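In: Sequence and predicted model, in that order:
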Amino acid sequence: MLDAFIQGLLLVLQWKAFVFMLAGIFVGFWVGLLPGLGGATTLALMLPFIYNMQPVEAFAFLLGMHSVVATTGDITSILFGVPGEATTAAIILDGHAMAKRGEAGRALGAALASSFVGALIGAAALALAIPIVRPLVLTFGSPELFMLAIVGLAFIASLSAQGARGMVRGFLAGGLGLFLAMVGQDPQAGVARYTLDTLYLWQGLDLVPVLVGLFAIPEIIDLVVRGTSIAGNAPAGRISKGVFEGVKDVFRNWWLTVRCGLIGTFIGLTPGLGGAVAQWMAYGHATQSARTAEERKGFGQGDVRGVIGPGAACNSKEGGALIPTIAFGVPGGASMAILLGGFFLLGLVPGPDMLTKHLPVTFSLVWTIVIANIITVVACFLLLNRLTALTNVQGHLLVPVVLVLVFIGSYTSNSSYADILVSLIFGALGYFMVVAGWPRAPLVLGLVLGKIAENYLYISVARYDFAWLGRPVVVVLLIIAVGVILFPAVQAWRSRRAHG
Amino acid sequence: MALRRIRRLLAALVSLFALASANAQVYPSRPIRIVIPQPPGGANDTVARVFAPALGDALGQPIVVENRPGANGNVAMEAVAKAAPDGYTLLLGADAQIVINPHFYPNLPFDTLKDLVPVASLVNTNMVLAVNPSLPVKNLQGFIDYAKHANPPLAYGSIGNGSQHHLVMEMLKQRAHIDLLHVPFKGGGPATTALMAGEIAVAFGGNSITGPAKAGKLRPLAVAGKHRSASFPDVPRLAELYPGFEVTPWLGLFATAGLPAPVMEKLREATSRALGDAQTVERVRRVGGLEPYSSTPEEFAALLRAEYAKYGEVVKAVGAKID
């Protein structure tokens, strides 16, 4: 075991594998920064390059690229409020708010440090969990997955503002999200719902144009209206100063970082949930770390914990997603499906062989994740001054560039002009929600989880009638969901007691 | 003055057209786009990327692979069906799109058999019928007998409603006179996981079943193809118990109808060279259970017509339709 562990490290450190990993990191760095251009698409584009490589070189290349995308995706989200990846939208809420306050450096420091910790957690999980993953994944049948989606939806309570008014608005926004999730062909009977007679809507709303519209466009309008730079009038020197403050924040909130890393890993290793859920669940959990209702109000205004949670989850989910991919050849998502294609192309059959015959290769994957993240984080820290300086560029210079990136980003999701229309519609919706004080996070949660919940509810009922309601894990998850819904009340009670 | 300007413009246009038609004679003179009806990671996508280098070499132009997912592949098919018939826009389509989709979507704004023309078949694959190993059956006949007496009926999984995996199991149900409950999952990953967990008892699968089956986590009972599978040489064919029961999923290259004959000629020649390229063939085999599939244009066209009719009957029997 230890032998294979060290052998894996040596495999990655062979000069050829290492050079390929650096090449992968370089590509992934830019892919993450550019909104819309997703990790999965790029992996597919890179697949032909691996034909003549050895397995270790190929995975150093592919995985090196893949492990970086989430990290640099966070950077775009924080600096511009434009989701760099569909999976890095939740970090916008507090990360971009910090950037607007002139604390881009601290936000990036916190995001990079938490990403790094998250990556380590994911890699550790990959190394440790492989022997026990089979029973773990197989315990999660459709009823459990449905309940997990319900737990996710319960976080709407934490993502809404306090008070009856805030809750009503939050749940209405969540309801709108659930309604939007129903657009498209229903997965059971095949009936087309709310498709307005267009082919485009048959597979439902694509997440990227919706997220880009909902989050990026209001920020762009805001930037134009204010007529200043993103960081307003914050002095240039201060912006990049907080970097190490941000790193320290991660250690101050160490257990939150670890818990969010574990949330990400868990969502990654459960096939059928999808990466977009991870950051939102982690964000919801981060808001629960507020002890009182007053503290809770700071979330969305630039609370660093709202950066740390999503940052850790986004990177740890990749290590998690690799687990079922390697252990039994069932991909955890689109990117993993492509990596799986890479496995086959190179003549490796995922499954028990990866734990015996090819164990060093498996450990080389763990090492690739770790080393790629170390290199990326160091590179990002070196570039941080340049990056944060962007928040000091005047709006009228920045807006055209960001606008182009935004529309290219949403167009690449289906290569259809309708993508841009969807972005514009959700941009208008997002802007009015911000102005009127409605939370956007519940809407996204409803949209992302609605499809999952519907599909697994149908399967659960079709397969087990209502007997599934009595399954132990389902009951535990239900209790957790109720707890999550009641949590804001606990926060309110704590603050009453603190004042009383 | 204005007239002269218009005349000059017309002259320029005419020469432009002349240039264009001259270019057509040296097809291909610019990069060729292959449209994929799936997002990256699907079978069509992988196959396109495996074939692209060899095709590009044979044609002397780079091949651009473009993913146009959406509406179960109908968006991509429409894009190619309505493109200029010049051979620069091709579709890498599967039976699921070309001969199955039309039966589910009777109002498609194009006809897959008339507006698209087959260039060549590329690959095919063998579907495996597998059960959860806890099911007390050792072979196909045992499974059929067990399913006949199961109460409530056994559940089977598919990768989606109206998918090939769904329809083939419906065909088996009819042929073997058994009743099974359909549980549609979203994609092969969740369906395979559910089969391993015993949430469903049985399913048809492709690549995602191979790994677990070899590791003993799933029990393969039969393959649906014309030949036994190289991965499971001991597993019989469905046709050995039900003569004539044969389903072989395939992928092929399609162009817009009205393609000039010389262009079609060139494309077919290039495809057949790519299919003869040892390296490409080797890669196709490695991409999980795929086999290179060469056929004459007549054979492929006949297969399309036959399967179109066959799936039409199954869909009618299942009673599914999407308006």
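Out: Structure received.
In: how close does residue B:295 get to chain A?
Out: When CB to the nearest CB, to the nearest Å is the yardstick, residue B:295 and chain A sit 24 Å from each other. In this view, the C-beta of every residue, glycine as well, is placed from N, C-alpha and C.
In: out of everything not next to it in sequence, what's closest to that residue?
Out: The shortest distance from residue B:295 to any residue that is not its chain neighbour, by CB to CB, 6 or more residues apart in numbering or on different chains, is 4.7 Å, and that residue is residue B:121.
In: Got phi/psi on the one you found?
Out: Here is the backbone geometry of residue B:121 (degrees, to the nearest 10): phi -80, psi 150.
In: what number of residues lie near it?
Out: The local packing count at residue B:121 equals 22, with neighbours defined by other CB atoms under 10 Å in any protein chain shown.
In: Report the beta-bridge partner residues of it.
Out: Residue B:121 forms beta bridges with residue B:252, as assigned by DSSP bridges.
In: And the pLDDT for it?
Out: Here the pLDDT value assigned to residue B:121 is 95.
In: pretty sure it contacts residue B:248?
Out: No: with contacts defined as CB atoms under 8 Å, residue B:121 does not count as touching residue B:248, sitting 10.3 Å away.
In: quick revisit: mind checking how far the residue nearest to residue B:295 is from chain A?
Out: Counting by CB to the nearest CB, the separation of residue B:121 from chain A is 21 Å.
In: ok, and the helix or strand in chain A with the lowest average confidence?
Out: Each helix and strand of chain A was given a mean pLDDT (mean pLDDT, DSSP states H and E); the minimum falls on helix A:236-241 at a mean of 67.
In: what's the helix or strand following that one in contact with?
Out: Towards the C-terminus, the helix or strand next in line after helix A:236-241, according to DSSP states H and E, is helix A:243-252. With CB atoms under 8 Å, 6 or more residues apart in numbering or on different chains as the test, helix A:243-252 has contacts from A:105-114, A:117, A:257, A:304-305, A:307-308, A:381, A:384.
In: ok, now with 10 Å
Out: With contacts defined as CB atoms under 10 Å, 6 or more residues apart in numbering or on different chains, helix A:243-252 is touched by A:98, A:103-117, A:242, A:256-257, A:304-305, A:307-308, A:311-312, A:377, A:380-381, A:384-385, A:388.
In: And stretch B:236-244, by the same measure?
Out: Residues outside stretch B:236-244 that contact it (CB under 10 Å, 6+ apart): B:126-127, B:129, B:139-141, B:144, B:168, B:171-172, B:175-176, B:204, B:220-229, B:245-247.
In: per-residue confidence at the residue nearest the centre of chain B?
Out: Centroid check for chain B by CA atoms, centre = their mean gives residue B:94 as the closest residue, at 1.9 Å. At residue B:94 the predicted local distance difference test score is 94.
In: do the same with the one 5 residues further on
Out: We have a pLDDT of 94 for residue B:99.
In: List the contacts of it.
Out: Contacts here follow CB under 10 Å, 6+ apart; on that basis residue B:99 touches B:93, B:112-113, B:164, B:250, B:303-312.
In: what stretches of chain A score poorly on pLDDT?
Out: Per-residue confidence of chain A (counting by pLDDT under 70) places the weak regions at A:36, A:130-131, A:235-240, A:332, A:500.
In: ok, back up a step: filter the contacts of helix A:243-252 down to the ones near chain B?
Out: The overlap between the contacts of helix A:243-252 and the neighbours of chain B (CB under 10 Å from any CB of the partner chain) is empty.
In: picking that back up, you'd agree the residue nearest to residue B:295 is up against residue B:307?
Out: No: applying CB atoms under 10 Å, one finds residue B:121 not in contact with residue B:307, separated by 11.8 Å.
In: residues shared between the contacts of the two?
Out: residue B:250.
In: and residue A:289, that's in a strand?
Out: No: secondary structure assignment (DSSP: H, G, I helix; E, B strand; the rest coil) places residue A:289 in coil, not in a strand.
In: which residues touch it?
Out: Residues in contact with residue A:289 (CB under 10 Å, 6+ apart) are A:253, A:255-256, A:259-260, A:295-296, A:299, A:303, A:305-306, A:308-309.
In: and which of these is nearest to chain B?
Out: The nearest member of these to chain B, counting by CB to the nearest CB, is residue A:260 at 24.7 Å.
In: quick one: which helix or strand includes the closest one?
Out: Residue A:260 is located in helix A:254-269, with elements delineated by DSSP H and E.
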